[in-house]
Each structure stands twice: as structure tokens, then as C-alpha cells.
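Peer 1: Here you go, sequence then predicted model.
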Amino acid sequence: MNLPMAATLFYGILLLFGGIMGYVSAKSKPSLISGVVSGLFLLVSAFLQWQQVPTGLVLAQIITLLLAIVFSIRLWKTRKFMPAGLMLMLSVAMLVILFPTTT
């Protein structure tokens, strides 16, 4: 298992449980839907990466980039670090892992 695949798996599980916890604690249906959907897409992406399907990494890159944009907007609007700021930081870390630079 390589680093992008492991990170995608971890991030997908984190988003899945984060969406569920957002619903349990705040009764937020948008949090539940977005967390479960994006988490499942990332889990599928990790599976595709495991199967060595090239689109698996591309799918993870697109989803993570979209999530970084969404969390940036949420942080800008709410000005609260939790959860948008923390998730933005994790999304940026994921982007660094998913878009390796070649030197």
C-alpha cells in the first residue's frame, strides 16, 4: 500500500465518520450527506488505487480539491476553526500527498 492510497483511505473514513458525527451532534443533514457521499467516493478511489486503476488517483485528487474549496468557503463564512479550518488543513495536507512534485 503506497502513501496516496493509504492517505485516501484514511481521509475517506475520516469524512464518513465526520459526517455521521456532525449529524449526531448537530442534527446537520447537509453534514451527513456531504460526509457520507465524499467519504464513500474516496473509499472507492482508494479501492481503485489498490486495483492499480489510474483513475483512482485522479478521482481522489478531484474530490480532495473540491473539498478544500468547500472548507475554505465554510471557514471564510463562519470564521470558526472547528470543523472547517481543521478539515481545510487536512485537505491541503492530502493535496500535498496526492500531487507529488518531481524534482
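Peer 2: Ah, there it is. Source: prediction; values computed, not measured.
Peer 1: surely Leu16 meets Val37?
Peer 2: No - using Cβ atoms under 8 Å, Leu16 makes no contact with Val37, being 9.3 Å away. Placement of C-beta: from N, CA and C, glycine included.
Peer 1: Looking at those two, which is more packed in?
Peer 2: Counted by other Cβ atoms under 10 Å, Leu16 and Val37 do not tie: Leu16 has more neighbours, with 18 against 14.
Peer 1: what's near enough to touch the more buried one?
Peer 2: Leu16 sits next to Gly35, Val36, Gly39, Leu40, Leu43 when contact means Cβ atoms under 8 Å, 6 or more residues apart in numbering.
Peer 1: dump the residue contacts of the fourth one.
Peer 2: It refers to Leu40. Contacts of Leu40 (Cβ under 8 Å, 6+ apart): Gly12, Leu16.
Peer 1: and with 10 Å instead?
Peer 2: Taking Cβ atoms under 10 Å, 6 or more residues apart in numbering, we find Leu40 in contact with Gly12, Leu15, Leu16, Gly19.
Peer 1: for the second one, same thing?
Peer 2: For Val36, the residues meeting the contact criterion (Cβ under 10 Å, 6+ apart) are Leu15, Leu16, Phe17, Gly18, Gly19, Ile20, Tyr23.
Peer 1: SS state for it?
Peer 2: Assigned by DSSP: H, G, I helix; E, B strand; the rest coil, the conformation of Val36 is helix.
Peer 1: Could you check how far it is from Arg79?
Peer 2: 26 Å (Cβ to Cβ, to the nearest Å).
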